[in-house]
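> Predicted model and sequence below, questions to follow.
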Amino acid sequence: MNLLRFIEFLRRHLKTVVRLSLAVLALLVVADAVPALVDKHHAHTKLEHLPGFWAAFGFVACVVIVMVSKAFGHAGIMTREDYYDE
Amino acid sequence: MSDLSAIFGLLNADLSVAALGFWLHPAVILLVGAVLLPLVPARLRQVWMVLVPVLTFARILGMSKATFGEVQFLQFTLTFGRVDALSLVFAYIMGLMCILGTLYGLHVKRAVETTAAWIYVAGSLGAIFAGDLITLFLFWEVMALSSVFLIWFRGREESLAAGYRYLLVHMAGGVALLAGIMLHYRATGSMAFVGFDVAHPSTASYLIMVGFLLNAAVPPFHAWLPDAYGEATFNGSVFLCAFTTKTAVYALIRGFAGMEILVVLGVIMALYGVVYAVLENDSRRLLAYHIVSQVGYMVAGVGLGTELAINGACAHAFAHILYKGLLFMGCGSVLFMTGKSKFTELGGLYQKMPWTFLFTLVGGLSISAFPLFSGFVSKSMIVQAGFEDHKLWMAFLLMLASAGTFLHTGLKVPYFIWFGKNHCSKETWERAAEPTWNMMAAMALTAFLCIFIGCYTPYLYQMLPFPVEYHPYTSYHVSETLQILLFTALGFFLLLKKLTPEAKISFDLDWIYRKGGRAFLWLAKKPVQMLDTGVGELYRVAGLIPLMVSARLSAVFDNRVIDGAVDGLASTIRSLGNRLRGAQRGALQENLTMAFGVAAVLVLLFVWMF
């Protein structure tokens, strides 16, 4: 099965994959700062003109969602699995 | 030329057929097909299961825009066929999903499972083409009553209970809807299903809206959804996730476009689903919470009510049905093959089910609105409409929710099932393998459609009710989306430890009726017990009086008569309940499905004739 071999190839070279991914992240932010590449004509607010605004938004959003939800869950919303069983 | 059109006219030419006073409702094809299915010989059954949905879809494709199937019933005019741009786009995707869902369950031996699913789809199509509130209500109830079997057929004790809860909640919603329709008729004298006065909503329109909101799973009326969809059969959830909520979105667009409160409710929904998805340990319940989240975008779009927002709501419903169907197919395959759906009982399955992983990943990328996948061209229309309407809070909160969507459906689901720590028991691991050819084919087709919609926008955009002047592939939009999503992914891998699923369940608002039902039972039981002990106590006190004979007689009376009556009644009910429960797993359910299908056909025939 070729797909499986491909996945295992990626897993064997995990370090390279991670480095490449980080490079893509950095490139995204750089490209966002170059007006010739990303036309900010379509931006809706002033904030969005900051280079990498959405990158920061995405990262902070992720952290906030995880932290807030987990705090909410551990404040008594999560319970044992057989709670509703007789 | 006219000869040719006459030949194709069987399915295609509405005008000539309508002139003869006959108009074929696509739901009729499905209903008749559903009732006949168990009678079809086993070796032809799969042919029938492909043929009927394809014919239904072909019929939908051949419909021309006008009003058909008007029937006088008492003093009302029932309209079975209001065919316009809005109903057509929804009917199109429902018909398409019926083909894909049936293909996915093609190998299921028990024919009535497909019968129930088809009646359910027919209910959805009937509601979508309904031009008046009576017809809408009729098909609305058909949907609720047929879809519950998709939960019951799982046959577990939990699914039986979840099914009853599902039915109970939907009956309550149906009552609200019916009460609203009655009040609306008394106030206006009209049964037409058109836009309600959203600027000055009456009690009647609020009641109708509650009926719609319940089916759209808007909090606080949402808890039935994860409860039921997590408990349904592996392919039942594929049907369930498409039809109920999206038919409700259609009804909201038709009735309540521009209703401000829906914007607020939609945003709450979008975030609510995300929060619960973090806590969820069952993959299919996680996907169910993300239905709540995604339908939130559509509800918010309906609330905005601008042309762009309504187009966005329709486009997102269309895209959503496909990618959510695909996600439920992926997790359903894991459930079907291994019998497990909890993250804490799975992991590392990429070695056994790599293609299922890939298809599920396509669904995950589509729901997360990755460029070149379907969500990218649909979800952003709603967010854009929010920005254009100067509702910045709405647009930014929806962006926040879309980061959460990728976090869970795009990352958490694939990671903790196919990678991560391997929690599979020996038995689970041995059972794990790629599913049957038809399940793979259904997933491949759906995955193709998700990518096709994302790459070739005119396919979807040309079907939308208003002309589209929206271009998703601007450099800014692509850059914005990629930044949000990929930096969310960075956060995911950094917080991986925190995100490890826990073998817990979360309280949701279903607690109220799950525990409320018990309080009711307790109330019913306690007075009976008190009466029993009270009478016993009385005799004991009476026994102290030296009238031993009468006391002994009383004791006998107590033991034999009162205890006998109370306990006897209780044990009779219990044994009846047990017998019913046993039967429910087997023939009784099948008989009920069939009886229900036949009844639906008879009612339609009756309405047609008079």
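Now that the structure is in, tell me what you want to look at.
> Check the secondary structure at residue B:154 for me.
coil (DSSP: H, G, I helix; E, B strand; the rest coil).
> list the contacts for the nearest residue to it once chain neighbours are set aside?
Among residues not flanking residue B:154 along the chain, residue B:233 sits closest, at 4.7 Å (Cβ to Cβ, 6 or more residues apart in numbering or on different chains). Just so you know, the C-beta spots here come from the backbone N, C-alpha and C atoms, and that holds for glycine as well. With contact set as Cβ atoms under 8 Å, 6 or more residues apart in numbering or on different chains, residue B:233 has these partners: B:113, B:150, B:151, B:153, B:154.
> Over to residue B:233. Which of the three states is it?
Secondary structure assignment for residue B:233 (three-state DSSP): coil.
> can you pull the pLDDT of it?
In the predicted model, residue B:233 carries a pLDDT score of 95.
> where are the low-confidence patches of chain B?
Low-confidence segments of chain B (pLDDT under 70): B:1-21, B:524, B:528, B:536, B:538-597, B:599-601, B:603-610.
> max-length helix in it?
Across chain B, the longest stretch assigned as helix under DSSP state H is helix B:510-544.
> which other helices and strands contact it?
The contact analysis (3 or more Cβ pairs under 8 Å, 6 or more residues apart in numbering or on different chains; DSSP states H and E) places helix B:510-544 against helix B:157-188, helix B:548-556, helix B:564-585.
> Check the contacts of residue B:233 and tell me the two furthest apart.
Pairwise distances across the contacts of residue B:233 (Cβ to Cβ) peak at 11.2 Å, for the pair B:113 and B:151.
> Of these two, which one has the most company?
residue B:151 (29 against 22; other Cβ atoms under 10 Å in any protein chain shown).
> Give me the secondary structure label for the more buried one.
helix.
> The nearest residue to it once chain neighbours are set aside: neighbour count?
Nearest residue to residue B:151 in three dimensions, chain neighbours excluded: residue B:163, at 4.1 Å (Cβ to Cβ, 6+ apart). By the criterion of other Cβ under 10 Å, residue B:163 has 24 neighbours.
> Not counting sequence-adjacent ones, nearest residue to residue B:307?
Nearest non-adjacent residue to residue B:307 (Cβ to Cβ, 6+ apart): residue B:466, at 4.2 Å.
> In three-state terms, label the one you found for me.
coil.
> Identify the residues contacting it.
By Cβ under 8 Å, 6+ apart, residue B:466 lies in contact with B:307, B:308, B:310, B:311.
> do you know how far it is from residue B:92?
Residue B:466 sits 16 Å away from residue B:92, going by Cβ to Cβ, to the nearest Å.
> One more: residue B:140?
Separation of residue B:140 from residue B:92 (Cβ to Cβ): 20 Å.
> what's the answer for residue B:419, then?
Residue B:419 is 36 Å from residue B:92, by Cβ to Cβ.
> what does residue B:381 give?
Note on residue B:381: its distance to residue B:92, by Cβ to Cβ, is 18 Å.
> neighbour-wise, which of these two wins?
Between residue B:381 and residue B:92, counting by other Cβ under 10 Å, residue B:381 is the more crowded of the two (25 against 17).
> residues contacting the more buried one?
Residue B:381 touches B:301, B:308, B:309, B:311, B:312, B:315, B:316, B:470, B:472, counting by Cβ under 8 Å, 6+ apart.
> Let's see that with 7 Å instead.
Residue B:381 is in contact with B:308, B:311, B:312, B:315, B:470, counting by Cβ atoms under 7 Å, 6 or more residues apart in numbering or on different chains.
> Which of those residues fall within helices?
Taking DSSP H as the definition of helices, the contacts of residue B:381 contribute B:308, B:311, B:312, B:315.
> With distance to residue B:146 as extra columns, can I get those residues in JSON lines?
Below are those laid out as JSON lines (distance: Cβ to Cβ, whole Å):
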{"residue": "B:308", "distance to residue B:146": "35"}
{"residue": "B:311", "distance to residue B:146": "31"}
{"residue": "B:312", "distance to residue B:146": "30"}
{"residue": "B:315", "distance to residue B:146": "28"}
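> beta partners for residue B:76?
residue B:73 (DSSP bridges).
> quick one: it and residue B:192 touch, right?
No: in this structure, residue B:76 is not within contact of residue B:192 by Cβ atoms under 7 Å, at 10.1 Å.
> Which residues are in contact with each of these two?
Common neighbours of residue B:76 and residue B:192, counting by Cβ under 7 Å, 6+ apart, are residue B:132.
> Which residue of these two possesses the greater neighbour count?
A side-by-side neighbour count of residue B:76 and residue B:192, using other Cβ under 10 Å, places residue B:76 first with 15 against 12.
> can you pull the contacts of the more buried one?
Counting by Cβ under 7 Å, 6+ apart, residue B:76 makes contact with B:132, B:134, B:191.
> What number of residues are in the vicinity of the last one?
Translated: residue B:191. By other Cβ under 10 Å, the residues close to residue B:191 number 20.
> Surely it is in contact with residue B:132?
Yes: at 4.6 Å, residue B:191 and residue B:132 qualify as touching, with contact defined as Cβ under 7 Å.
> so who does the closest residue to residue B:150 other than its chain neighbours touch?
The shortest distance from residue B:150 to any non-neighbouring residue, by Cβ to Cβ, 6+ apart, is to residue B:236 (3.1 Å). Contacts of residue B:236 were listed using Cβ under 7 Å, 6+ apart, and they are B:150, B:151, B:153.
> what's the burial count for the first one?
Residue B:150 sits with 26 neighbouring residues when counted by other Cβ under 10 Å.
> Isn't it up against residue B:115?
No: assessed by Cβ under 7 Å, residue B:150 is found out of contact with residue B:115, at 10.7 Å.
> pLDDT score assigned to residue A:79?
pLDDT at residue A:79 comes out at 88.
> Run through the bridge partners of it.
Note on residue A:79: beta-bridge partners by DSSP bridges are residue B:505.
> who's in contact with it?
Residues counted as contacts of residue A:79 (Cβ under 7 Å, 6+ apart) are B:504, B:505, B:507.
> Show me which of the residues you listed are buried.
For those, a burial check counting by 16 or more other Cβ atoms under 10 Å in any protein chain shown picks out B:504, B:505, B:507.
> between the contacts of residue B:236, which is closest to chain A?
Nearest to chain A among the contacts of residue B:236: residue B:151, at 16.0 Å, using Cβ to the nearest Cβ.
> check contacts around the closest one.
B:159, B:162, B:163, B:166, B:228, B:231, B:232, B:236.
> Give the closest residue to residue B:57 in space, chain neighbours not counted.
Among residues not flanking residue B:57 along the chain, residue B:95 sits closest, at 3.9 Å (Cβ to Cβ, 6+ apart).
> Does the one you found touch residue B:58 like I think?
No: the pair residue B:95 and residue B:58 fails to qualify as a contact (Cβ under 7 Å) at a distance of 8.6 Å.
> about what we covered before: pretty sure the residue nearest to residue B:151 sits against residue B:150.
No: Residue B:163 lies out of contact with residue B:150 (Cβ under 7 Å); the separation is 8.8 Å.
> Do the one helix or strand residue B:269 maps to and chain A come into contact?
Assessed by DSSP states H and E, residue B:269 sits inside helix B:261-279. Yes: Helix B:261-279 is in contact with chain A by Cβ under 7 Å from any Cβ of the partner chain, via B:274, B:275, B:278, B:279.
> and the first one, how many residues sit next to it?
When neighbours are defined as other Cβ under 10 Å, residue B:274 has 26 of them.
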